[in-house]
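A.B. asks: Okay, predicted coordinates and the sequence, questions at the end:
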Amino acid sequence: MMGCQEWPEPIIRVQALAESGINSIPERFIKPQSQRPKTESNNCVPQKQGFEDVNDVENINNINIPVIDLQDLYGEDKNLKEETMKRVSEACREWGFFQVLNHGVNHDLMKSAREVWREFFHQPIEVKEKYANSPITYEGYGSRLGIKKGAILDWSDYFFLHYMPSSLRDQEKWPALPNSLRGVIDEYGEEVVKLGGRILELMSKNLGLKEDFLMKSFGGESDIGACLRVNFYPKCPQPDLTLGLSSHSDPGGMTILLPDENVSGLQVRRGEHWITVKPVPNAFIINIGDQIQVLSNAIYKSIEHRVIVNSNKDRVSLAFFYNPRSDLLIQPAKELVTQDRPPLYPPMTFDEYRLYIRTKGPCGKSQVESLTSHK
């Protein structure tokens, strides 16, 4: 498997650091001035691109990513169905992020999924360390992304596991405590994989492609790659100096995020400004990844996002990554390539693509932009 065997430095468990009662964060977590959330929100002037009459920060703070109710897709009313399709299309083209309601996943299951992981992160450290991960696959309990020595670290711990293809699913690598975790996550994964398939169909149709185009490009229902990263963001004594997760676009196909409904933290880049997403109860947050940007020939774009942390509350979120099979070549759909719009990206497998992320860690949109001369 790709990657190096060990982390370049001793791992710092952020939760343990936060619970030790420190009043200031170690230098390794302090971001450069330009990346600090407080600096950005106070100093940057919002661009009007994509907004109506955005004149001040207060207006920006009242904006949320699109919220789309999917129930009309499955009803009899053709007009309502078309209207919902149109809203999904606009969200994909203009935002790259949207929230979905009436998505078909049981609300109690969503709640249970959050609760079992919160319980896992509050297990004794020796229980969690049994699952400590390495950069070879990232599977297990971790606290950093990327193997660059001396990198500035993010204020978060996580647990990463493979769900699809089923040959990679190894429940022995999933936490045994709490006792219900393995069963809950197996069921949750099954439901979210189905939701991902429905969203891919919508995106394919809206691009003017056959409804199974994106699914086939990902390898088909039994061969897609799907994995879960559960993020734990401990409370932080100096949240204005660091980030829970640095700015990045997701390298995979699409992300289905179950946010913490009690604490906001996800921020989406919009023009020159960062918008804090306000989670809607029982909704998932969907976002376009780099692989769909490539397949759509940049009609749909992956969007930079990051996570801010909180001085009073911990935060848990479940990011389910819906990816192409790792050895398939991904390239712009021939139907979306014209004389006026040539292919913007060379063919590349997802394995080749994500090696960059696993080496360098999150780096804005530099990876996908480095693939094309059409910048």
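C.D. replies: The structure has been received and is ready for your questions.

A.B. asks: From the opening residue of stretch 153-171 to its closing one, how far?
C.D. replies: 29 Å (Cα to Cα, to the nearest Å).

A.B. asks: ranges for the strands of the stretch 1-150 of the chain?
C.D. replies: 67-69, 97-101, 140-142 (DSSP state E, counting those that start in this stretch).

A.B. asks: Tell me the helices and strands packed up against the first one.
C.D. replies: Spelled out, that is strand 67-69. Packing partners of strand 67-69 (3 or more Cβ pairs under 8 Å, 6 or more residues apart in numbering; DSSP states H and E): helix 78-94, strand 97-101. C-betas here are computed from N, CA, C, even on glycine.

A.B. asks: can you put the strands of the stretch 1-150 of the chain in CSV and add mean neighbour count?
C.D. replies: Below are the strands of the stretch 1-150 of the chain laid out as CSV (neighbours: other Cβ atoms under 10 Å):
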stretch, mean neighbour count
strand 67-69, 18
strand 97-101, 22
strand 140-142, 21
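
A.B. asks: Ok, which of those strands comes nearest N297?
C.D. replies: For N297, the closest of the strands of the stretch 1-150 of the chain is strand 97-101, at 19.8 Å, according to Cβ to Cβ.

A.B. asks: any idea which of the helices and strands packed on strand 67-69 is most buried?
C.D. replies: Greatest average neighbour count among the helices and strands packed on strand 67-69 goes to strand 97-101 (a mean of 22), per mean count of other Cβ atoms under 10 Å.

A.B. asks: Direction included, what does it pair against?
C.D. replies: Using DSSP bridges, strand 97-101 pairs in its sheet with strand 67-69 (parallel), strand 284-288 (antiparallel).

A.B. asks: Which one, of the strands of the stretch 1-150 of the chain, ends up nearest to S311?
C.D. replies: That would be strand 140-142 among these, by Cβ to Cβ, at 23.7 Å.

A.B. asks: Now tell me what touches that closest one from outside.
C.D. replies: Here strand 140-142 makes contact (Cβ atoms under 8 Å, 6 or more residues apart in numbering) with 11, 128-129, 131-134, 157-161, 173.

A.B. asks: OK, contacts around W95?
C.D. replies: W95 neighbours (Cβ under 8 Å, 6+ apart): 50, 65-66, 268, 270, 303.

A.B. asks: Quick check on these: which are buried?
C.D. replies: 65-66, 268, 270, 303 (16 or more other Cβ atoms under 10 Å).

A.B. asks: Would you mind checking which of these is nearest to H122?
C.D. replies: V268 (29.0 Å).

A.B. asks: Are we agreed that that closest one is in a strand?
C.D. replies: Yes. Assessed by DSSP: H, G, I helix; E, B strand; the rest coil, V268 belongs to a strand.

A.B. asks: No further queries at this time; thank you.
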